[in-house]
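> Okay, here's the prediction I keep looking at, along with the sequence it came from:
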Amino acid sequence: MKNIALTIILASLSLICYSQDFEVAPVKLNYDCEPGEIQTKTLTIRNHDNKRQQFSLTVVAIKFDSSDAKTTQNKSCKDWTTINPPLFDINPNENIEVKVIMQVPPGEFNTRGALIQVNATEEQNSFNADKQIVKSAIRVSPRISVKVLQSPKSNNNFKGSVSNLKEITQPNDSIRLFEVKISNTGDKLIDAKIYLVASSLETAKEYKEQPITRSLFPGTSEKISIPLPKNLPAGMYSLAAILDYSNNSALEAAQLEIEVK
């Protein structure tokens, strides 16, 4: 089976991720502990190889994709996360359930993230690996990362912004492209929809493009390229980049005027 790439999205759906010889489900764990609370969730690891495999699970600090992301300090729930068991063997075509325990200290109301790295290693006799090596050898198999999010229910700090709307069309481009920066300025994961609306300054008629969706961790931002809505009649337009991150929040917008010839 081919590897399935993980997105920075932290949705609530339960998904399965496959490597070449094992699978993990789900690949996203969402906790909503209040300060001082404990929650336990379960990961299922299945060995698809025809050999017995050893698995190790390690919790690491989350890495942000955004170039504008702040340091991971004070954003990690790595030290709050316990895995039981963290090391085990699985026979061919069998599976094991692993408990992932989140224990949030008192006074911690912020959204935090982490990754659980699931590694499979095949123990093999040294003579099979290299007759000149006497000690045991280990072959490292592909890794699957499980994303962990902890955010208390009482934390309702949803906030996003959109800025820096500008045209980035190049001479050889067949369509006009615009770039906009979206940012998560609150303390909750936001599932953002960003789209362009072109409003004719002569007729007030609006032309809208299909939204692009992104999930942003608190403190991160991303630059998005969006094509101009198609089949615009010639004329002057007010172009708005609209950010909708729901949760009953007001729409955010950045605007500029453009001419279509």
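Happy to help now that I have it. Residues are numbered from 1 along each chain as shown.
> quick one, domains of this protein?
What automatic domain parsing lists as the domains of the chain is 17-150, 160-260.
> Need the distance between the two termini of the last one.
End-to-end span of domain 160-260 (Cα to Cα, to the nearest Å): 30 Å.
> what about that domain, distance to the chain center?
Offset of domain 160-260 from its chain centre (Cα atoms, centre = their mean, to the nearest Å): 21 Å.
> do the same with the first one
Remark: domain 17-150 is offset 16 Å from the chain centroid, using Cα atoms, centre = their mean.
> okay, and for the stretch 1-150 of the chain, where does confidence drop off?
1-20, 63-74, 122-141 (pLDDT under 70).
> could I get the domains of the chain as JSON lines with mean neighbour count?
Where you see a C-beta, it was placed from the backbone N, CA and C, and this is true even at glycine. Listed next are the domains of the chain as JSON lines, based on neighbours: other Cβ atoms under 10 Å:
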{"stretch": "domain 17-150", "mean neighbour count": "16"}
{"stretch": "domain 160-260", "mean neighbour count": "16"}
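> which residues in this structure form helices?
Taking DSSP state H, the helices of the chain run over residues 126-129.
> so what's P85 up against?
Contacts of P85 were listed using Cβ atoms under 8 Å, 6 or more residues apart in numbering, and they are V98.
> T42 versus that one, what's the distance?
For P85, the distance to T42 equals 13 Å [Cβ to Cβ, to the nearest Å].
> intersection of neighbour lists for the two?
Common contacts of P85 and T42 (Cβ under 8 Å, 6+ apart): V98.
> Give me the contact list for stretch 40-53.
Contacts for stretch 40-53 (Cβ under 8 Å, 6+ apart): 1, 18, 21-26, 29, 31, 55, 57, 89-102, 116, 118, 120-123, 141, 146.
> In strands, which of the residues you listed appear?
Among those, the ones falling in strands (DSSP state E) are 18, 22-25, 29, 31, 55, 57, 89-90, 95-102, 116, 118, 120-123, 141, 146.
> contacting residues around V104?
V104 touches C33, E34, P35, G36, E37, I38, C77, W80, Q150, P152, counting by Cβ under 8 Å, 6+ apart.
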